[in-house]
Structure formats: C-alpha cells, structure tokens
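1. Following is a predicted model, sequence given first.
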Amino acid sequence: NLIIVRCGLFGTGQVLFDEASLTAEPALPAAELPVGVNLLKDPGFEGDGNDWDYSLPPYDEMRCDRETTVVHSGRAAVRFTGGTGGMVKTRAGVAQLLGNRSLAGKRLRLTGWVRCDSLMSQAYIKLYCTTLLRDEDTGAPRLLGNTTPWTKLEMVMDVPNDAYQVWAWLLYNAPAEGRVYFDDASLEILGPAGSSPARPVKPAPARKPGRKTTASR
C-alpha cells in the first residue's frame, strides 16, 4: 500500500539528479512458466553466485564459500561453515525468490543435493509461499546431519491460490559446528495443485514375426 521513490547517495562524493519521472501504467499479466523445467538460475553454483540470496546470521566465524573440491557434479558447489555460538537457532543457507503470480495454484517439486561433514545440526530443503495474509509452508520431509555422503532431498508442495511469490531454500539450522554442502538444486512445476507428474507412455512391445493362424470354432 506504499511506494517510496528516492534519489540519494551513500558515502562521499557528488551525484546529480534531473528529470525524474514516475508513471502509472496497467499491470502486465504474469508470464506463464513451463511445466517440468528447472526454474532456478545457476542451479549448480557454476556461475558467479549472484543468482542466489545468502542467509548468514551474524555469528562468529560464519562463512559461505564457493567449493570446487567437494562437489556433486560440475565444477562447484557451495559450502557453509562456522557459527559455533549464537543466541538462538536460525536458518542459514541459500535461496531464490520467484515473484510470479502464475505459480499460484500449481504443484511444485523442489530437489537439492546435500552433504554433511561432522554437522552438529540439521540440513534440509524448504519451500515458502507468500500469500496476501501470511507465509505458508510444509514441513521438511527429511533432515540430514552428522556425516553423510551426497544425498538427494526432495519435497512437493501445492502453492496456495492467492500466493504471489515462492521462496526455494537449501538450508540448515545455525549456529552449529561442522560443514554442509549444497549442489544441483531444481524447482519445477508438476502441474495444477493436487496433480501428479505426467508419466511417459511406454511403447507397446514389438510383435515377433510369425505364421498367421485361424482359431477353430
């Protein structure tokens, strides 16, 4: 219910502004998103990292680094370490925001590969949907901790009909000792809410050539 437009400067130096303009135009409809296609950008952390949002609580020695040795596939993953002390448990990890109203009323599937190294906490994946009244989510189907190999986590969630944005998270509870790695995330539309992904139709087995027979009565 509020729009703020500012022209300003942080820091030292000089800046000039002129001929600013703000106009009201009819809102464009939300773009339809494809079914069965990964909607996340840079899902394997192979790029410069700017497609992701990072959540690191201000605890001692909290770090998030690009990992090029311990990876699930490709050349890179992302690694979280540190944060051995803090007042409360909170989430730390990576996320992407999809602000598209066409996701409302859809069934989504989020997957991600997670590896833990002496992690004294729980790592998991999560979807959050922002509606006109509140945020909605479902419980994480599986939690990882201690030392685990690369493990694929998966969850399915129906987006409420009045949702206007969706958060896809790969995260863990901090502060905690140990390390956690994330790689190869995917978020895709399965279809309308309540639907199941379409299964490929198996071709009928080829008939073997043989002699044609006529059944007797």
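-> Yep, it's here. Here the structure is a predicted model, which means the values were calculated and not measured.
2. name the helices or strands packed onto the helix or strand of the chain with the lowest mean pLDDT?
-> One helix or strand of the chain scores below all others by mean pLDDT, DSSP states H and E: strand 135-137, with a mean of 90. Here strand 135-137 touches strand 106-130, going by 3 or more Cβ pairs under 8 Å, 6 or more residues apart in numbering; DSSP states H and E. (Glycine included, C-beta is placed from N, CA and C.)
3. Now the one residue sitting closest to the centre of the chain. Its backbone dihedrals?
-> Centroid check for the chain by Cα atoms, centre = their mean gives Ala168 as the closest residue, at 2.9 Å. Backbone torsions for Ala168, taken as degrees, to the nearest 10, come to phi -110, psi 120.
4. now this protein, which segments are flagged as low pLDDT?
-> 195-217 (pLDDT under 70).
5. do that again at 80, thanks
-> 82-85, 195-217 (pLDDT under 80).
6. And the strands in it?
-> For the chain, applying DSSP state E gives strands covering 53-55, 63-67, 77-81, 90-98, 106-130, 135-137, 144-158, 165-174, 179-192.
7. Select, out of those, the one closest to Ala31.
-> Evaluated over these, closeness to Ala31 peaks at strand 90-98, with 11.0 Å, by Cβ to Cβ.
8. what's the neighbour count on the nearest residue to Val15 once chain neighbours are set aside?
-> In this structure, Val15 finds its nearest non-sequential neighbour in Leu9, 4.9 Å apart by Cβ to Cβ, 6 or more residues apart in numbering. Neighbours of Leu9 under the rule other Cβ atoms under 10 Å: 9.
9. partners of the least confident helix or strand of the chain, with directions?
-> strand 106-130 (antiparallel) (DSSP bridges).
10. OK, contacts around Ala31?
-> Ala31 is in contact with 100, 102, counting by Cβ atoms under 8 Å, 6 or more residues apart in numbering.
11. Use 42 as the first number for this chain going forward.
-> Happy to do that; since the first residue is 42 now, the last one works out to Ala72.
12. Please state the backbone phi and psi of it?
-> Dihedral angles (degrees, to the nearest 10) for Ala72: phi -70, psi 140.
13. And it, how close does it get to Ala136?
-> 21 Å (Cβ to Cβ, to the nearest Å).
14. Please apply the same query to Ala217.
-> Counting by Cβ to Cβ - Ala217 and Ala136 are separated by 18 Å.
15. These two: which is more packed in?
-> Just comparing Ala217 and Ala136: by other Cβ under 10 Å the higher neighbour count belongs to Ala217, 25 against 17.
16. gap between stretch 200-214 and the chain center?
-> Mean-position distance between stretch 200-214 and its chain equals 8 Å (Cα atoms, centre = their mean, to the nearest Å).
17. Just the CA atoms of that stretch, as PDB, please.
-> Output in PDB follows, covering the C-alpha atoms of stretch 200-214 (Å, rounded to 0.1, in the frame of the first residue of the first chain):
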ATOM      1  CA  VAL A 200       1.100 -23.300  -3.900                       C
ATOM      2  CA  PRO A 201      -2.000 -21.500  -2.400                       C
ATOM      3  CA  ASN A 202      -4.300 -19.800  -4.900                       C
ATOM      4  CA  ASP A 203      -3.600 -16.400  -3.500                       C
ATOM      5  CA  ALA A 204       0.200 -16.700  -3.400                       C
ATOM      6  CA  TYR A 205       2.300 -14.100  -5.300                       C
ATOM      7  CA  GLN A 206       5.800 -15.300  -4.600                       C
ATOM      8  CA  VAL A 207       7.700 -18.500  -3.700                       C
ATOM      9  CA  TRP A 208      11.000 -19.000  -1.900                       C
ATOM     10  CA  ALA A 209      13.100 -22.100  -2.600                       C
ATOM     11  CA  TRP A 210      15.600 -22.800   0.100                       C
ATOM     12  CA  LEU A 211      18.600 -25.100   0.700                       C
ATOM     13  CA  LEU A 212      19.400 -24.500   4.400                       C
ATOM     14  CA  TYR A 213      20.400 -25.700   7.800                       C
ATOM     15  CA  ASN A 214      20.000 -24.600  11.400                       C
END
